[in-house]
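Engineer: this is a predicted model, with the sequence first.
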Amino acid sequence: MARIHIALVVDELEPSIADYNQRLGAEPVVVVAGRYALWRTAEVNLSVTVGSGGEGRLRHLGFEDDAAQEMTESRDVNGITWEQFSAEQQAREIAAIYGHFGIDQR
């Protein structure tokens, strides 16, 4: 199964979690306190990362695909980065970036 992935930069994590919980009708499956949250529904894989400058901007798009053999990245004609990965590959990337400390996997 493949689902669209949307990655955003946000100003503050907690207000973003509250907003996207309501919009998606789901809670995040991973939260890194003050830094990152990930939602996974049947339709979408949405991640938000706290960043400076350009809050509310698109980081990249992609597809979570159970059949992905490896995490890949490419750019489309408009310069937008697209990733393709499995849930397991994404979990490894999250752990590599944030470590296991502070990760709340729900």
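Structural biologist: Looks like it came in fine. Numbering: from 1, shown residues only.

Engineer: for stretch 52-70, buried residues please.
Structural biologist: Residues of stretch 52-70 classed as buried under the neighbour-count rule (16 or more other C-beta atoms under 10 Å) are 59, 62, 64, 65, 68. Using the backbone N, CA and C atoms, a C-beta is placed for each residue, glycine as well.

Engineer: can you map out the helices along the protein?
Structural biologist: Ranges of helices within the chain are 13-24, 87-98, based on DSSP state H.

Engineer: thinking again about what came up before, mind putting the buried residues of stretch 52-70 into TSV with pLDDT and distance to residue 39?
Structural biologist: As requested, the buried residues of stretch 52-70 are arranged in TSV below (pLDDT from 0 to 100; distance: C-beta to C-beta, whole Å):
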residue	pLDDT	distance to residue 39
59	92	15
62	96	14
64	95	11
65	94	17
68	92	19
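
Engineer: before we move on, the earlier item: quick one: which of the helices of the chain is nearest residue 81?
Structural biologist: Closest to residue 81 of these is helix 87-98 (C-beta to C-beta; 13.8 Å).

Engineer: next, name the residue at the spatial heart of the protein.
Structural biologist: The residue lying closest to the centre of the chain (C-alpha atoms, centre = their mean) is residue 47, at 2.4 Å.

Engineer: next, the contact list for it, please.
Structural biologist: By C-beta atoms under 8 Å, 6 or more residues apart in numbering, the contact list for residue 47 reads 5, 6, 7, 8, 36, 37, 38, 39, 59.
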